[in-house]
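Enquirer: Give me a model of this one.
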Amino acid sequence: QVQLVESGGGLVQAGGSLRLSCAASGRTFSRYVMAWIRQALGKEREFVATIGWSDGTTAYADSVKGRFTISRENAKNTVYLQMNSLKPEDTAVYYCGAGQTGSHWSEFGSWGQGTQVTVSS
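Expert: Now for the predicted structure:
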């Protein structure tokens, strides 16, 4: 399994931006599908975005489409989540995950410890 460490969370005002990073260990990082999910206090985990390993195909939750951008840099074993036009409802702990191609994010075997994002109104 790949090990993941997220960073870049913090407190930001509504309308602001943050960029989350997820650093991965392991020589086969480029073979994993990567995803960001989030979990707000008292709520279920929610899919945010995913990116494929070969062609970089991306997918987003409707709630973040047009505001968030997921990207990856295989040479640095890092995946990013650029978050723009943040809203208070984006407040959550954000987790980075890695899984096998074709698997659903809920089946991913590797997750980071999470980074808190708080958006004030």
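
Enquirer: so what's the closest residue to residue 1 other than its chain neighbours scoring on pLDDT?
Expert: The shortest distance from residue 1 to any non-neighbouring residue, by Cβ to Cβ, 6 or more residues apart in numbering, is to residue 110 (4.7 Å). Every C-beta, even on glycine, is put in place using the N, C-alpha and C of the backbone. pLDDT, residue 110: 92.

Enquirer: Show me what residue 110 is bridged to.
Expert: Beta-bridge pairing of residue 110 under DSSP bridges involves residue 98.

Enquirer: which residue ranges form the strands in the protein?
Expert: For the chain, the strands defined by DSSP state E cover 3-7, 10-13, 18-25, 33-39, 45-51, 58-60, 68-73, 78-83, 92-99, 110-111, 115-120.

Enquirer: got TSV for those, with mean neighbour count too?
Expert: Below are the strands of the chain laid out as TSV (neighbours: other Cβ atoms under 10 Å):
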stretch	mean neighbour count
strand 3-7	17
strand 10-13	13
strand 18-25	19
strand 33-39	23
strand 45-51	20
strand 58-60	15
strand 68-73	18
strand 78-83	22
strand 92-99	23
strand 110-111	18
strand 115-120	17
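
Enquirer: circling back: what separation is there between the residue nearest to residue 1 and residue 90?
Expert: To residue 90, residue 110 is 24 Å away according to Cβ to Cβ, to the nearest Å.

Enquirer: contacting residues for residue 84?
Expert: Residues near residue 84 by Cβ atoms under 8 Å, 6 or more residues apart in numbering: 17, 67, 68, 69.

Enquirer: quick one: the third one and residue 80 touch, right?
Expert: No - in terms of Cβ atoms under 8 Å, residue 68 does not count as a neighbour of residue 80; the distance is 10.3 Å.

Enquirer: Report the set of residues contacting both of those two.
Expert: Residues touching both residue 68 and residue 80 (Cβ under 8 Å, 6+ apart): none.

Enquirer: before we move on, back to that, tell me the one among the contacts of residue 84 nearest to residue 96.
Expert: Of all these, residue 68 has the smallest distance to residue 96: 13.4 Å, by Cβ to Cβ.
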